[in-house]
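>>> Turn this into a model:
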Amino acid sequence: MDLDKTCRSIAKKLGYDYELVRKIVMYEFEYTTEVMKDPEDYREILFNKLFKFKLKNRFKNNKTKDYSPK
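So this is what the prediction gives:
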């Protein structure tokens with residue numbers, strides 16, 4: 001999926017400014033990034049009628065613990 005093409009298509013179809021459409025589309029992704037980076041926030045994030053970001057069980061207890069392989 002090409003986000004730039006999609007934003008241009010929406011802007012053209014609805015007659016809105018491309019930059020405005022892009023800001024609206026990017027808002028959900030920026031919000032999701034902020035929530036995922038917040039060590040105190042353990043909520044699941046639902047994109048309406050698309051999909052849900054869920055934390056794996058091992059991260060629900062401690063989001064800051066390093067689980068990367070060594």
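
>>> Buried ones in the longest helix seen in the chain, by neighbour count?
When the chain is parsed with DSSP state H, its longest helix is helix 18-37. Residues of helix 18-37 classed as buried: V21, R22 (neighbour count, 16 or more other CB atoms under 10 Å). Backbone N, C-alpha and C define where each C-beta goes, glycine included.

>>> which stretches of the protein have low pLDDT?
In the predicted model of the chain, residues 1, 48-70 satisfy pLDDT under 70.

>>> Return the list of helices and strands in contact with the longest helix of the chain.
helix 3-14, strand 45-47 (3 or more CB pairs under 8 Å, 6 or more residues apart in numbering; DSSP states H and E).

>>> Dump the C-alpha coordinates for that helix into PDB.
Provided in PDB are the C-alpha atoms of helix 18-37 (Å, rounded to 0.1, in the frame of the first residue of the first chain):
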ATOM      1  CA  TYR A  18      -3.500  16.800   0.200                       C
ATOM      2  CA  GLU A  19      -1.600  18.000   3.300                       C
ATOM      3  CA  LEU A  20      -4.800  18.000   5.400                       C
ATOM      4  CA  VAL A  21      -5.700  14.500   4.300                       C
ATOM      5  CA  ARG A  22      -2.100  13.200   5.000                       C
ATOM      6  CA  LYS A  23      -2.200  14.700   8.500                       C
ATOM      7  CA  ILE A  24      -5.500  13.000   9.200                       C
ATOM      8  CA  VAL A  25      -4.300   9.600   7.900                       C
ATOM      9  CA  MET A  26      -1.000   9.800   9.700                       C
ATOM     10  CA  TYR A  27      -2.600  10.700  13.100                       C
ATOM     11  CA  GLU A  28      -3.600   7.100  13.900                       C
ATOM     12  CA  PHE A  29      -0.100   5.800  13.200                       C
ATOM     13  CA  GLU A  30       1.500   8.500  15.200                       C
ATOM     14  CA  TYR A  31      -0.900   7.900  18.100                       C
ATOM     15  CA  THR A  32      -0.200   4.200  18.000                       C
ATOM     16  CA  THR A  33       3.600   4.800  18.000                       C
ATOM     17  CA  GLU A  34       3.200   7.000  21.100                       C
ATOM     18  CA  VAL A  35       1.100   4.500  23.000                       C
ATOM     19  CA  MET A  36       3.500   1.600  22.100                       C
ATOM     20  CA  LYS A  37       6.500   3.600  23.300                       C
END
